[in-house]
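Asker: dropping a prediction and its sequence here:
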Amino acid sequence: MSKQFTRRAFVQTSAGAMALAANPFWSTLRARGDESKNNRPLVGAIGTGGQGTGIARRANKYGDVVAVCDVQRQHAERAKNEHFKDAEIFEDYRKLLDRKDIEAVTIGTPDHWHTAIALAALDAGKHVYCEKPLTLTIDEGKRLVAAVKKTGKVMQVGTQQRGDQFELFGRAVATARSGRLGKLHTITVSLPLSTAEGGPFQTQPVPDGLNWDMWLGQAPQADYCPERCHYQFRWWYEYSGGIATDWGAHHMDIAHWVMNIENSGPTTIDGTKTALPTIPGGYNTPKLVSVDYEYPAGIKVLMRAQPPGDEGLLIEGTEGRIYVNRGRLTGKPIEEQDADPALKDKIMEQVKELYKGNTAHYGDHMGNFFEAWMHGKWPISDVESQHRSVSACHLGNISIRLGRKLTWDPAKEDFVGDSEATAMLTRAQRSPYTVG
């Protein structure tokens with residue numbers, strides 16, 4: 001337990017206490033008790049594609065986005081012209097981080113850039129909101145956990161199901177933890193069949209306005225083709241983890257939340273039923289993902305690809321089961337709550353406890369982030385829990401790629417007796433974009 005990074009540990013560290021005490025905006029709010037326009041913090045947006053601009057716009061509700069950064073010039077220009085008229089444009093995120101007046105950043109880049117930028121932002125004294133999946137490797141997550149602990153800054157991860165849909169996912173978690181399902185034994189995590197397939201792809205000239213070398217960053221050198229860039233980067237292991245991390249980061253997070261093991265992980269991982277794509281030069285992440293996990297207390301988690309619209313979680317215990325996704329929460333235990341207002345109220349009170357005191361922004365994941373760092377609280381999607389849940393997704397991908405069942409030690413965060421698998425906890429880094 002002493003090794004876990006908790007809110008109490010954050011507040012008790014000298015870095016954490018100093019960071020909160022030294023935050024001028026938080027101190028002003030604490031003294032004045034308001035959030036007037038004149039006291040709005042300044043925010044930088046790094047990565048301004050579709051999702052990156054979306055999260056920046058949400059941040060702009062609570063602060064002023066004064067800088068936008070993207071290696072695709074047109075993305076940054078569009079974000080400025082359409083949403084953030086007074087923002088300064090950058091191509092290099094390091095230049096944006098040099099601005100001392102910026103207190104927080106949003107990161108909406110492709111996955112393989114998340115860690116390097118987040119580490120630099122934390123080191124520069126910024127609070128960080130980073131899109132999911134948090135990392136490309138398990139080692140990256142360990143480094144981010146250590147960096148948050150060292151700097152005392154707040155980092156929120158964009159697993160919005162926790163913050164935006166508490167009446168569905170929070171209620172499902174509270175119901176499962178309340179014991180109304182009996183002893184939990186199986187959680188089926190269903191992922192959509194949205195993975196692109198195909199290849200090989202024809203290389204093309206780099207489009208005007210795109211710094212392709214910097215887009216690649218630490219990833220291996222590769223000639224440009226549209227299929228590697230923008231939304232499609234998800235289907236390459238060099239830049240992401242396929243559907244297993246794209247949607248798995250959302251649903252495995254809820255599975256961990258249900259099991260109340262946000263600082264732990266599975267003990268065995270079996271992805272041998274999943275076949276990898278075989279087209280040379282094509283997308284290399286699988287469409288039909290199937291991974292079996294065993295967790296402490298004998299709980300099985302089954303990650304499965306399902307037809308579109310069926311993505312979600314089936315949570316089963318000895319006394320009942322419930323199903324939850326972004327559109328519905330069903331099952332007899334839920335029907336019983338709806339028929340008994342007192343029982344439902346009791347469950348919803350337990351939902352509040354899941355939010356660690358951040359009750360001012362129910363249903364608003366970005367609001368939860370600002371509340372956390374401006375008022376000395378703990379974010380709902382904190383770096384430790386999100387490192388652990390995306391680690392489970394990475395473990396599934398490692399088992400798939402190696403083609404064998406693996407044994408994992410969640411306390412040591414290492415494989416048991418498998419040096420080849422251990423070597424996949426990190427990745428090769430291309431100069432000059434290496435991180436420490």
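Answerer: Thanks, I have the structure now. Numbering: from 1, shown residues only.

Asker: for the spatially closest residue to Asp111 that is not a sequence neighbour, which three-state class applies?
Answerer: Excluding its sequence neighbours, the residue lying closest to Asp111 (CB to CB, 6 or more residues apart in numbering) is Ser240, at 4.4 Å. For every residue, glycine as well, the C-beta is placed using N, CA and C. Using DSSP: H, G, I helix; E, B strand; the rest coil, the secondary structure recorded for Ser240 is coil.

Asker: surely Ser240 meets Arg234?
Answerer: Yes: Ser240 is within contact range of Arg234, at 4.6 Å (criterion: CB atoms under 8 Å).

Asker: so what sits against both of the two?
Answerer: Overlap between the neighbourhoods of Ser240 and Arg234 consists of 111, 246, 285, taking contacts as CB atoms under 8 Å, 6 or more residues apart in numbering.

Asker: quick one: which of these sit in helices?
Answerer: For those, membership in helices holds for Asp246, with DSSP state H as the criterion.

Asker: want to throw the shared contacts of Ser240 and Arg234 into CSV with neighbour count, distance to Val173 and pLDDT?
Answerer: What follows is those, written out as CSV (neighbours: other CB atoms under 10 Å; distance: CB to CB, whole Å; pLDDT from 0 to 100):
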residue, neighbour count, distance to Val173, pLDDT
Asp111, 23, 26, 98
Asp246, 21, 22, 97
Thr285, 25, 29, 98
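
Asker: would JSON lines of the shared contacts of Ser240 and Arg234 with distance to Glu262 be doable?
Answerer: Supplementary listing: the shared contacts of Ser240 and Arg234 in JSON lines, determined by distance: CB to CB, whole Å:
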{"residue": "Asp111", "distance to Glu262": "21"}
{"residue": "Asp246", "distance to Glu262": "21"}
{"residue": "Thr285", "distance to Glu262": "26"}
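
Asker: just the shared contacts of Ser240 and Arg234 now: which is nearest Ala342?
Answerer: Distance ranking of the shared contacts of Ser240 and Arg234 against Ala342, using CB to CB, places Asp246 first at 40.0 Å.

Asker: and that closest one, what does it touch?
Answerer: Counting by CB under 8 Å, 6+ apart, Asp246 touches 133, 234, 240.

Asker: let's see if you can find the most crowded of the residues you listed.
Answerer: In terms of neighbour count, Pro133 stands highest of these at 29 neighbours, by other CB atoms under 10 Å.

Asker: verify the stated contact: Ile46 with Tyr93.
Answerer: Yes: the criterion here is CB under 8 Å, and Ile46 meets it with Tyr93 at 4.8 Å.

Asker: need the residues touching each of those two.
Answerer: With contacts taken as CB under 8 Å, 6+ apart, the residues that reach both Ile46 and Tyr93 are 69, 117.

Asker: so what's the residue count around Pro220?
Answerer: Burial of Pro220 is recorded as 10 neighbouring residues (other CB under 10 Å).

Asker: and what of the one 5 residues further on?
Answerer: Taking other CB under 10 Å as the neighbour definition, Cys225 ends up with a count of 15.

Asker: check contacts around it.
Answerer: If you count contacts by CB under 8 Å, 6+ apart, Cys225 has them with 201-204.

Asker: cool, and Lys153?
Answerer: The contact partners of Lys153, by CB under 8 Å, 6+ apart, come to 19, 122, 125-128, 373.

Asker: cool, Gln350 as well?
Answerer: Per CB under 8 Å, 6+ apart, neighbours of Gln350: 174, 177-178.

Asker: how far away is it from Ser178?
Answerer: For Gln350, the distance to Ser178 equals 6 Å [CB to CB, to the nearest Å].

Asker: what of Gly209?
Answerer: Computed as CB to CB, the Gly209 to Ser178 distance reads 53 Å.

Asker: and Asp260, how many neighbours?
Answerer: That one is not Asp; residue 260 is Asn. Neighbouring residues of Asn260 were enumerated by other CB under 10 Å; the total is 13.

Asker: which residue packs closest to it, ignoring adjacent ones?
Answerer: Arg177 (6.2 Å).

Asker: that neighbour against Ile261, yeah?
Answerer: No: taking CB under 8 Å as the definition, Arg177 is not a contact partner of Ile261, at 11.4 Å.

Asker: Provide a list of residues in contact with the residue nearest to Asn260.
Answerer: Residues counted as contacts of Arg177 (CB under 8 Å, 6+ apart) are 258, 260, 350.

Asker: now swap in Ile107 and tell me
Answerer: Here Ile107 is in contact with 46-47, 52, 113-114, 117-118, 121, 128-131 (CB under 8 Å, 6+ apart).

Asker: residues in a beta bridge with it, which ones?
Answerer: On the basis of DSSP bridges, Ile107 takes part in beta bridges with Ile46, Cys130.

Asker: local confidence estimate at it?
Answerer: According to the prediction, Ile107 has pLDDT 98.

Asker: can you give me the strands in the stretch 151-300 of the chain?
Answerer: With DSSP state E, counting those that start in this stretch applied, the stretch 151-300 of the chain shows strands at 155-157, 184-192, 268-270, 290-294, 300-306, listed in chain order.

Asker: I'd like the ones you listed as CSV, with mean pLDDT, distance to Tyr224 and mean neighbour count appended.
Answerer: As requested, these are arranged in CSV below (pLDDT from 0 to 100; distance: least, CB to CB, whole Å; neighbours: other CB atoms under 10 Å):
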stretch, mean pLDDT, distance to Tyr224, mean neighbour count
strand 155-157, 98, 29, 29
strand 184-192, 97, 28, 21
strand 268-270, 98, 35, 21
strand 290-294, 98, 32, 21
strand 300-306, 94, 30, 19
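
Asker: so which of those comes closest to Leu276?
Answerer: Closest to Leu276 of the strands of the stretch 151-300 of the chain, according to CB to CB: strand 290-294, at 12.2 Å.

Asker: out of the contacts of Ile107, who's the most crowded?
Answerer: Counting neighbours by other CB under 10 Å, the top entry in the contacts of Ile107 is Tyr129, with 31 neighbours.

Asker: before we move on, back to that, so which of the strands of the stretch 151-300 of the chain gets nearest Ala423?
Answerer: Within the strands of the stretch 151-300 of the chain, the stretch nearest Ala423 is strand 268-270; the backing value is 16.0 Å (CB to CB).

Asker: helices or strands up against the closest one?
Answerer: When contacts are defined as 3 or more CB pairs under 8 Å, 6 or more residues apart in numbering; DSSP states H and E, strand 268-270 packs onto strand 290-294, helix 383-402, strand 406-409.
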